[in-house]
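> generate a structure from the sequence data that follows.
(chains A, B and C)
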Amino acid sequence: MSKTFKAVYIANLVDGQCSDNNIEVNNFSSLLKANKNSISFYSDTKLKEELINSKAGIVILKKSDAHLRSGPSIYVNDPYLAFAKASSLFADIKVLPFIHKNSFIDKDSIIGENLSLGPYSIIESNSRIAQNVSIGANTFIGKNVSIGCNSIIHSNVTIESNVVIGNGCEIFSGARIGTSGFGYAREKDGTWFKIPQVGTVIIGNNVDVGANTTIDRGAIEDTVIHDGVKIDNLVQIAHNCIIGENTIIAGCTGIAGSAIIGKNCMIGGAAMIKGHITIADDTIVSGGSGIGKSVKTSGKRFTNVFPYNIEHKEWVRIANNLKKIGKKND
Amino acid sequence: MSKTFKAVYIANLVDGQCSDNNIEVNNFSSLLKANKNSISFYSDTKLKEELINSKAGIVILKKSDAHLRSGPSIYVNDPYLAFAKASSLFADIKVLPFIHKNSFIDKDSIIGENLSLGPYSIIESNSRIAQNVSIGANTFIGKNVSIGCNSIIHSNVTIESNVVIGNGCEIFSGARIGTSGFGYAREKDGTWFKIPQVGTVIIGNNVDVGANTTIDRGAIEDTVIHDGVKIDNLVQIAHNCIIGENTIIAGCTGIAGSAIIGKNCMIGGAAMIKGHITIADDTIVSGGSGIGKSVKTSGKRFTNVFPYNIEHKEWVRIANNLKKIGKKND
Amino acid sequence: MSKTFKAVYIANLVDGQCSDNNIEVNNFSSLLKANKNSISFYSDTKLKEELINSKAGIVILKKSDAHLRSGPSIYVNDPYLAFAKASSLFADIKVLPFIHKNSFIDKDSIIGENLSLGPYSIIESNSRIAQNVSIGANTFIGKNVSIGCNSIIHSNVTIESNVVIGNGCEIFSGARIGTSGFGYAREKDGTWFKIPQVGTVIIGNNVDVGANTTIDRGAIEDTVIHDGVKIDNLVQIAHNCIIGENTIIAGCTGIAGSAIIGKNCMIGGAAMIKGHITIADDTIVSGGSGIGKSVKTSGKRFTNVFPYNIEHKEWVRIANNLKKIGKKND
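Numbers count the residues shown, from 1 in each chain, chains lettered A, B, ... in the order given. Here you go, the predicted model:
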């Protein structure tokens, strides 16, 4: 983090108003650890003391909090978003394109300019990799895959055959995209007969897929992840799911087959979404909660985990009483 | 999908009855997207309109639904199973056996005929790979592993030493089989002493293991997955579990150590099974539900997730009242 | 397991008292499968019959259980811990250091003595690997990583840039350490702007990280895993979490961002810990339970999963009644 920026430059970038145009910073930091060369931000009222005592060269905050800060400031409507953009100035370290000699590209694939390809990674036949794509180490790109420009695929990733990934996506280490859907029909003798899974996975632009997350290919039709969707680590998205634009899904969530999730939904961590249901736009699912039926009205929030902690003994009492509720002699 | 089959051939395959022996199809499809060269199926009554309007060349359905379909049909008892088998005719694309030059096979391992081995994959010493096995890219097969004939191991998989995998298995990308069990004894100073995990994992025939699923080796004795078990993505099976024949386990489920699960059980997604318990044959566990005690009677279904959605505010009210139930002044 | 040890040697190791100094054993086993050359242990009262009938050459047990055993014994306070140590004598097979020719070490990294490095593994630039480190196959070690002495990194692992791993750690196959945190600010048009994640992950000494577990790097400051922490498979630890010394976390657990967990906590499998909360030392979280608020008093146990199984029909009745509790006309 050695680049230096003037406050006025940052203020323009974040659509903010500057109390001191010429002060310069060369790093970003929390309020507590900031020094005179740092830019920091304030939006969480729990950090009021830290704001007052911060040594940050510049703090991004709301105009309405200006009285809490004596030093140079940038005033914005959304300090968190503005800080995200400001800090990106320092964090953006672009790797030079480089194809490692110990990697494998099938001669029948088409590779755009400025590809980076790490050691022991593979691009199989008939794939199309657009320009400025970066692929880490030990990553497998199957046959007939398409990856759009400026996308980043990290290390130890698997992209199975026929998968389409748009522009500006980031696929984190250990993600598996396009693995077979989990579909079986039962034989009379109790064994399971695998349903062919010949659909694929279509991922739009600016989609992030977290570490060790799995997205299965569709059975007949495709699994579809629309533009701007952000998916955290260890999420399971089963075959034929459709996830709408800009929906965000936190870690450890499981979405069963053929679930259709609307746009701009926020799915908390470890949520469980039943298969074959439809969830309206702008739905919020609290962390750990299950959605067992379709949600038809948009903009609602659903929860079924306890908002308080329950001590073990107390829970045993509650659970034993739960058994009885609604019984005639209750 | 360029192969063509006559209706009579398919009807014989699926033990069905044909309304027009000679019509031919060359692909399979949903009712909605089918064309005159497609075979499709009808079993979900929600799709009645799609059946009536379908352009499919052949539809597989129950005899009792024959009045809903004017075009060529194949009548069967279980349309879903029959369609699975029919569609497999078109989907079955066999890869030619090929050992990539950038792969590593230890000279002390025994390799059967027709092995496929992808780039940057490894077979360590004293392993025995039967005929017609296919192994993807970036996959690690440890020492003294045994893999039965016709099994498929996909990419970025880890099979640790001494693991036994039967015939006709399919292990999907990122699965980890035979990693160390999670067993520790506590020292007086609060640190944890690792219990040696010297058992292994024994997997029967026709077992599927999903993407990024983990199956730990046993501590002293083995973890055992019996014939015909199907395991979805991101499932954790801890050390010394035994999973009975033809049991099917959906994604994100966790099964704690030494749990013994019977035959023909159906475990829904994100279920949680406690350790050291025994679950009878034919048990059904609903998705997201926990099993905290042994199940002694076979054929029962268990649930403890809500069958309806609960809006956040309503849940806060319910949860606050739950605290009070059974209290004296309730 | 071909080494032979005298009872007196083992008794000294485990701080125990020997009934027969000179008897020798060369393997360890369960009570049931033991032979006259086996050492076994007894601590679970359910195994009383197996103890009485065991053919084990030596059994480790409590002095108070001596009357149940006629053959040679070692008496200790904690038979499980003692057996763990005794069995380690037989299980400890040290691999000879070996750097596979098909691996890649950047010339700007510093490598200690006795490194083992498996095929198709990578150590990128400016990393520091201490002595006696073992790294499996297909593993990626990024730039500027530090790994302490005697640590073991298994196969198909990803260690991203700048991560610090202490001495004596074991990172199991498929773990992802230092992947990007999941932090976004929202633009006015509904799209998500990624917050730079420039912290790293700092792992202390003697930490175990399970198969396919993910630990994200911090946003500004670091994610920290203190000495002696043991983490099972498929656990998600989000950015900026801090996990205290000797805390143990079972499989499938999710810990959201910036959660601070104390020392010596025991977190059961599939638990869910909310972000931005603090959990006191010595807290126990039962498997499958959620912690939604900070825990201020140490030494408590929390549960909110049912301690009994609930049949589906019974649950539907309970769940429907739950809706009504606390309503006026209830």
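> my read is that A:Asp65 contacts A:Asp44, right?
No - with contact defined as Cβ atoms under 8 Å, A:Asp65 does not count as touching A:Asp44 (11.0 Å). Every residue, glycine included, has its C-beta placed from N, CA and C.
> between the two, who's got more neighbours?
Set A:Asp65 next to A:Asp44 and count neighbours by other Cβ atoms under 10 Å in any protein chain shown: A:Asp65 wins out with 17 against 13.
> in terms of pLDDT, where does the spatially closest residue to the more buried one that is not a sequence neighbour sit?
Distances taken as Cβ to Cβ, 6 or more residues apart in numbering or on different chains place A:Tyr42 nearest to A:Asp65, at 6.2 Å, with adjacent residues excluded. Listed pLDDT for A:Tyr42 reads 96.
> ok, A:Tyr42 - contacts?
A:Leu31, A:Leu51, A:Val59, A:Ile60, A:Leu61, A:Asp65, A:Leu68, A:Arg69, A:Pro79 (Cβ atoms under 8 Å, 6 or more residues apart in numbering or on different chains).
> who in the stretch 201-330 of chain A is up against chain B?
Proximity of the stretch 201-330 of chain A to chain B (Cβ under 8 Å from any Cβ of the partner chain) is limited to residues A:212, A:214, A:216, A:220-221, A:234, A:236, A:238, A:252, A:254, A:256, A:272, A:274, A:284, A:286, A:290-293, A:295, A:300-304, A:306-308, A:317-318, A:320-322, A:324-325.
> should've said the stretch 51-200 of chain A
Counting by Cβ under 8 Å from any Cβ, the stretch 51-200 of chain A sits next to chain B at A:102, A:104, A:120, A:122, A:138-140, A:156-158, A:160, A:174, A:176, A:179-180, A:182-187, A:190-196, A:198.
> quick check on these: which are buried?
A:102, A:104, A:120, A:122, A:138-140, A:156-158, A:160, A:174, A:176, A:179-180, A:182-186, A:192, A:194-196, A:198 (16 or more other Cβ atoms under 10 Å in any protein chain shown).
> ok, and which of these reach chain C?
A:Asn102, A:Tyr120, A:Asn138, A:Asn156, A:Gly174.
> what does the model give the second one for pLDDT?
To tie it back to what came earlier, the one meant is A:Tyr120. Looking at A:Tyr120, the pLDDT reads 98.
> surely it meets B:Tyr120?
Yes - counting by Cβ under 8 Å, A:Tyr120 does reach B:Tyr120; the two are 4.4 Å apart.
> quick one, phi/psi of A:Arg186?
phi -100, psi 130 (degrees, to the nearest 10).
> same check on A:Phe193?
Dihedral angles (degrees, to the nearest 10) for A:Phe193: phi -100, psi 120.
> one more: A:Lys324?
phi -90, psi -20.
> narrow the residues of the stretch 201-330 of chain A next to chain B to those in strands?
A:Thr214, A:Asp216, A:Gln236, A:Gly254, A:Met272, A:Ile284, A:Gly290, A:Ile291, A:Arg301, A:Phe302 (DSSP state E).
> what's opposite the fourth one in the beta bridge?
When assigned by DSSP bridges, A:Gly254 has beta-bridge partners A:Gln236, A:Met272.
> ok, it touching A:Val235?
Yes - with contact defined as Cβ under 8 Å, A:Gly254 counts as touching A:Val235 (7.4 Å).
> mutual contacts of the two, please.
In contact with both A:Gly254 and A:Val235: no residue, using Cβ under 8 Å, 6+ apart.
> for A:Gly199, what are its contacts?
A:Gly181, A:Arg217, A:Gly218, A:Ala219, A:Ile220, A:Glu221, A:Asp222, A:Thr223, A:His239, A:Asn240.
> can you tell me which of these is nearest B:Glu24?
A:Ile220 (19.5 Å; Cβ to Cβ).
> for the closest residue to that closest one other than its chain neighbours, what are its contacts?
Nearest non-adjacent residue to A:Ile220, counting by Cβ to Cβ, 6+ apart: B:Ser30, 5.3 Å away. B:Ser30 makes contact with A:Ile220, A:Glu221, B:Ser40, B:Glu50 under the criterion Cβ under 8 Å, 6+ apart.
> how about A:Val59?
Per Cβ under 8 Å, 6+ apart, neighbours of A:Val59: A:Leu31, A:Ile39, A:Ser40, A:Phe41, A:Tyr42, A:Leu51, A:Arg69, A:Gly71, A:Pro72, A:Ser73, A:Ile74.
> residue contacts, the third one?
When the contact criterion is Cβ under 8 Å, 6+ apart, the partners of A:Ser40 are A:Phe28, A:Ser29, A:Ser30, A:Leu31, A:Ala34, A:Ser54, A:Ala56, A:Ile58, A:Val59, A:Ile60, A:Phe83.
> does the second one touch A:Lys55 like I think?
No - checked against Cβ under 8 Å, the pair A:Ser29 and A:Lys55 is beyond contact range at 9.3 Å.
> when those two are compared, which one has more neighbours?
A:Ser29 (23 against 15).
> from chain C, how far off is the more buried one?
6 Å (Cβ to the nearest Cβ, to the nearest Å).
> cool, A:Gly257 as well?
20 Å.
> please apply the same query to A:Ile105.
Taking Cβ to the nearest Cβ, one finds A:Ile105 at 16 Å from chain C.
> I'd say that residue and A:Asn126 touch.
No - contact criterion Cβ under 8 Å: A:Ile105 and A:Asn126 do not qualify, at 11.8 Å.
> more neighbours: these two, which one.
Taking neighbours as other Cβ under 10 Å, A:Ile105 and A:Asn126 compare with A:Ile105 leading, 19 against 16.
> and the closest residue to that one other than its chain neighbours, what are its phi and psi?
Excluding its sequence neighbours, the residue lying closest to A:Ile105 (Cβ to Cβ, 6+ apart) is A:Ile123, at 4.6 Å. Per-residue torsions, A:Ile123: phi -120, psi 110 (degrees, to the nearest 10).
> just give me the neighbour total for A:Ile123.
Quick note: A:Ile123 (other Cβ under 10 Å) scores 27 neighbours.
> where does the stretch 1-150 of chain A have low pLDDT?
Within the stretch 1-150 of chain A, the segments meeting pLDDT under 70 span A:1-2, A:92-94.
> can you rerun that using 90?
A:1-3, A:20-22, A:90-97 (pLDDT under 90).
> residues of the stretch 51-200 of chain A that sit close to chain C?
A:78, A:80-81, A:83-85, A:87-88, A:90-92, A:100, A:102, A:118-120, A:136-138, A:154-156, A:170, A:172-174.
> and if we set it to 7 Å?
Applying Cβ under 7 Å from any Cβ of the partner chain, we find that the stretch 51-200 of chain A lies next to chain C at A:78, A:80-81, A:84-85, A:87-88, A:91, A:102, A:119-120, A:136-138, A:155-156, A:172-174.
> buried among these? Make that a PyMOL selection.
Listed next is the PyMOL selection for buried residues among these, using 16+ other Cβ under 10 Å:
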select buried, chain A and resi 78+80+81+84+85+87+91+102+119+120+136+137+138+155+156+172+173+174
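> so which of the residues of the stretch 51-200 of chain A next to chain C sit within helices?
A:Tyr80, A:Leu81, A:Ala84, A:Lys85, A:Ser87, A:Ser88, A:Ala91 (DSSP state H).
> now those residues as a markdown table including distance to A:Ile261?
Formatted as a markdown table, those follow (distance: Cβ to Cβ, whole Å):
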| residue | distance to A:Ile261 |
| --- | --- |
| A:Tyr80 | 25 |
| A:Leu81 | 24 |
| A:Ala84 | 25 |
| A:Lys85 | 28 |
| A:Ser87 | 30 |
| A:Ser88 | 28 |
| A:Ala91 | 30 |
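> what is the nearest of those to chain B?
Chain B lies nearest to A:Tyr80 out of those, by Cβ to the nearest Cβ, at 22.8 Å.
> A:Gly199: what secondary structure?
coil (DSSP: H, G, I helix; E, B strand; the rest coil).
> what's the distance between it and A:Ala219?
To A:Ala219, A:Gly199 is 6 Å away according to Cβ to Cβ, to the nearest Å.
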